[in-house]
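1. Requesting a structural model of the entry that follows:
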Amino acid sequence: MSVMENSKLTVVGAGAVGSSVAYAALIRGSARHVALYDIAAPKVEAEVLDLAHGAQFTGSSDIIGGADVSVAAGSHVVVITAGAKQNPGQTRIELAGVNAGILRTMLPQLLEVAPNAIYVIVTNPCDVLTVIGQETTGLPPERIFASGTVLDTSRLRWKLAQRAGVSTSSVHAHIIGEHGDTEFPLWSHATIGSVPILDWKPLDGQPRFTKDELDRIAVEVRDAAYTVIQGKGATNYAIGLSSARIVEAILGDQHAILPVSTVLNGFHGIDGVALSVPSVVSAAGAKPILNTSFSDEELGLLRHSADALKGAAASLR
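-> Numbering: from 1, shown residues only. So this is what the prediction gives:
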């Protein structure tokens, strides 16, 4: 995997998610330089020390960090994970008010030291915060976007692959919409290899997928974070890995298609709301694929998702 030679990634927030993003980026070699920034000095310094102690085993990446925003200077990508975390039973939207305030304060400071960076928002509710972030900074929508449903899509592909008897990378399916309760799979385009999902015959002799079963899988994927949070208090490893994957698409100028969440403009009649749709992610940032086609039912679900997020965003203004 080839990333920009002298590339720098800053991860903002040294909690469970931020530390996991930094860890995944170091192990995968996602960037040449990794910085971790958090206003809690003892915590961030300890995390950086712990990560640095493994430097012998992580290849050519190095890690710095601290409680001063100057550690982000010259970043090519800034991944924002800072904010209050989601508690058991709490929805992502309920977090919005607190985290919107944190973002409005922090983004101008980051922009001062990293004016040319691409900003990726992981803090929840990431779609609502992306709209606020874009308004706060005035950055073009392709340069400030959320990790969106990249993780949800990975959860979906893992479940489908298990049932179909194939590798995860051979499942082509996307979760789109809100990263949250109104998200949904784009079943009209879902294939195993080149076979439409309902036509696939599992290799172990199990029956084919049914529409009802796919609906059940979609619900399990949607609620997966709640299950993990209930058991261990946070989701961190998979979001760390999926964030590192997004970083690689940017720094490697890969033009990879990932369901990230940008503020949409004229996307099937949707404007001014950030939703995850298949997008091309490169060194220029993220650009939604405007001619993505939907069934009538899917378009209805996308608009429902947009309406839910518009309501949440309006409550924060």
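2. three-state assignment of residue 119?
-> Using DSSP: H, G, I helix; E, B strand; the rest coil, the structure places residue 119 in strand.
3. and after the strand or helix carrying residue 130, which helix or strand comes next?
-> Using DSSP states H and E, residue 130 sits within helix 126-137. The helix or strand immediately downstream of helix 126-137 is strand 144-146, counting by DSSP H and E.
4. hmm, who's touching that next one?
-> 118-122, 126-127, 129-130, 133-134, 137, 179, 260-263, 274, 276, 279, 285-286 (CB atoms under 8 Å, 6 or more residues apart in numbering). (Each C-beta comes from the backbone N, C-alpha and C, glycine too.)
5. any idea of the mean pLDDT for that strand?
-> Mean pLDDT, computed over strand 144-146, is 98.
6. my read is residue 243 is in a helix, agree?
-> Yes: under three-state DSSP, residue 243 sits within a helix.
7. ok, it - contacts?
-> 21, 24, 25, 79, 81, 120, 122, 147, 150.
8. Please work out how many residues are found near residue 293.
-> Counted by other CB atoms under 10 Å, the residues lying close to residue 293 total 11.
9. ugh, wrong one, I meant residue 27
-> 17.
10. So it sits against residue 55, correct?
-> No: assessed by CB atoms under 8 Å, residue 27 is found out of contact with residue 55, at 11.4 Å.
11. picking up where we left off before, closest to residue 64 out of the contacts of residue 243?
-> residue 25 (13.0 Å; CB to CB).
12. Where does that closest one fall, secondary structure wise?
-> Assigned by DSSP H and E, residue 25 falls within helix 16-28.
13. Just the pLDDT at the closest residue to residue 184 other than its chain neighbours, thanks.
-> Spatial nearest neighbour of residue 184, excluding adjacent residues (CB to CB, 6 or more residues apart in numbering): residue 301 at 4.6 Å. Looking at residue 301, its pLDDT is 97.
14. what's the answer for the one 3 residues further on, then?
-> As summarised for this prediction, residue 304 has a pLDDT of 96.
15. same for the strand or helix carrying it, what does it pack against?
-> Element membership of residue 304 [criterion: DSSP H and E] is helix 296-314. In terms of contacts (3 or more CB pairs under 8 Å, 6 or more residues apart in numbering; DSSP states H and E), helix 296-314 is packed against helix 126-137, strand 184-185, strand 270-276.
16. what kind of secondary structure is the residue in the chain sticking out farthest from the centre in?
-> Relative to the centre of the chain, the most outlying C-alpha is that of residue 205, 35.3 Å out, by CA atoms, centre = their mean. When classified by three-state DSSP, residue 205 comes out as coil.
17. Next: residue 108.
-> Once three-state DSSP is applied, residue 108 turns out helix.
18. Okay, helices next: where are they in the protein?
-> Per DSSP state H, the chain carries helices over the ranges 16-28, 41-52, 96-113, 126-137, 150-164, 211-222, 224-232, 237-251, 296-314.
19. Can you say which of these is nearest to residue 73?
-> Comparing the helices of the chain by CB to CB, helix 96-113 comes nearest, at 4.5 Å.
20. And the closest one, what does it pack against?
-> For helix 96-113, the packing partners by 3+ CB pairs under 8 Å, 6+ apart come out as strand 8-12, strand 77-80, strand 118-121, helix 126-137.
21. one more time with 6 Å
-> Counting contacts by 3 or more CB pairs under 6 Å, 6 or more residues apart in numbering; DSSP states H and E, helix 96-113 packs against helix 126-137.
22. mean confidence for the helix it packs on?
-> The average of the pLDDT scores along helix 126-137 is 96.
23. how many degrees apart are that helix and strand 270-276 in direction?
-> Per axes from the mean of the first three to the mean of the last three CA atoms, to 10 degrees, the angle that helix 126-137 makes with strand 270-276 is 120 degrees.
24. so what secondary structure elements neighbour helix 126-137?
-> The helices and strands touching helix 126-137, judged by 3+ CB pairs under 6 Å, 6+ apart, are helix 96-113, strand 118-121, strand 144-146, strand 261-267, strand 270-276, helix 296-314.
25. Can you point out the buried residues in stretch 70-80?
-> Within stretch 70-80, the residues scored as buried using 16 or more other CB atoms under 10 Å are 71, 72, 75, 76, 77, 78, 79, 80.
26. Could you dump those residues into a markdown table and include distance to residue 237 and pLDDT?
-> Output for these, formatted as a markdown table (distance: CB to CB, whole Å; pLDDT from 0 to 100):
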| residue | distance to residue 237 | pLDDT |
| --- | --- | --- |
| 71 | 24 | 98 |
| 72 | 24 | 98 |
| 75 | 23 | 98 |
| 76 | 24 | 98 |
| 77 | 20 | 98 |
| 78 | 21 | 98 |
| 79 | 15 | 98 |
| 80 | 19 | 98 |
